[in-house]
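# need the 3D shape of this:
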Amino acid sequence: MEASYKHSYKTGENLLNSLSVYNVGYQKCDPEYQWGPGVRDHYCIHHILSGSGCYCTGTVSKHLEEGDTFILYPGVELRYQADADKPWEYAWAGFMGADAASLIRNTEFTMATGHFHDEYEIYYLMEGERYYFIENKTYHIHKGSLVLINRRSIHKTANVGSSSYHDRYLIELKKEPLSLLI
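Residues are numbered from 1 along each chain as shown. Predicted structure coming up:
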């Protein structure tokens, strides 16, 4: 088996631009190499060059292989692991900034699985339409819709039809300040 390796470059700082590259690199993993469970503070796209592995978030696990691409969303707990027999080799690019979420929203990437967090979430759809999945219910929302998501509720959105374009405001509120009002 070929030796494993990792080459990575990080900017070393949180850049406050509209879109900033945070880190880039490539890695040939050892068998069963695992990252996580953990949470990233930026988006990170991985493209698998060879081999295979598993991407896991919540209770969902996806087997991925050469030619597949996956994305890590900020604030979503996940883990990914190289296969024991045919560990993957991948390249990645991590990025952040005010335009990062808009960039991802206007591509074919969709959140494959639901996620949850400890904050309350307020989602306001400014443009487009989406399917919003909260726990076991599906909502078809349109421009002007306001969605309130409780803490630790499993949720995600998805495209409606072939159009991925949408724009939204997203506000997350911690429990502590709200406990005074509730």
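# residue contacts, the closest residue to Q81 other than its chain neighbours?
Closest residue to Q81 apart from its sequence neighbours, by Cβ to Cβ, 6 or more residues apart in numbering: Q34 at 4.2 Å. For glycine as for every other residue, the C-beta is placed from the backbone atoms N, C-alpha and C. Residues near Q34 by Cβ atoms under 8 Å, 6 or more residues apart in numbering: 79-82.
# and which of those residues is nearest Y120?
R79 (25.5 Å; Cβ to Cβ).
# quick one: secondary structure of Y123?
strand (DSSP: H, G, I helix; E, B strand; the rest coil).
# state the pLDDT value of the residue nearest to it when sequence neighbours are not counted.
In space, and not counting its chain neighbours, Y123 is closest to V147: 4.3 Å by Cβ to Cβ, 6+ apart. Note on V147: pLDDT of 93.
# distance check, V147 against L72.
With distances taken as Cβ to Cβ, to the nearest Å, V147 is found 23 Å from L72.
# and if you look at A93?
11 Å.
# who touches both of the two?
By Cβ under 8 Å, 6+ apart, the residues touching both A93 and L72 are 44-45.
# T157 touches Y131, doesn't it?
Yes. Contact criterion Cβ atoms under 8 Å: T157 and Y131 qualify, at 6.5 Å.
# give me the more crowded residue out of these two.
Looking at T157 and Y131 with other Cβ atoms under 10 Å, you find the greater number of neighbours at T157, namely 21 against 15.
# would you map the helices across this protein?
100-105, 175-179 (DSSP state H).
# now do the phi/psi pair for the residue nearest the centre of the chain.
Among the residues of the chain, the one closest to the centroid is Y73, at 2.1 Å (Cα atoms, centre = their mean). As for Y73, its main-chain torsions (degrees, to the nearest 10) stand at phi -100, psi 140.
# where are the low-confidence patches of this structure?
For the chain, the stretches flagged by pLDDT under 70 are 1-2, 12-16, 105-113, 176-182.
# how about 50 then?
By pLDDT under 50, the chain has no low-scoring segment.
# all strands for it, in order.
5-10, 20-28, 34-38, 43-50, 52-57, 60-65, 69-72, 78-82, 89-96, 120-134, 137-142, 146-149, 155-159, 166-173 (DSSP state E).
# turn the ones you listed into a markdown table, columns for distance to S102.
Supplementary listing: the strands of the chain in a markdown table, determined by distance: least, Cβ to Cβ, whole Å:
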| stretch | distance to S102 |
| --- | --- |
| strand 5-10 | 23 |
| strand 20-28 | 14 |
| strand 34-38 | 25 |
| strand 43-50 | 11 |
| strand 52-57 | 22 |
| strand 60-65 | 25 |
| strand 69-72 | 14 |
| strand 78-82 | 22 |
| strand 89-96 | 12 |
| strand 120-134 | 11 |
| strand 137-142 | 18 |
| strand 146-149 | 18 |
| strand 155-159 | 14 |
| strand 166-173 | 7 |
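# noted, bye for now.
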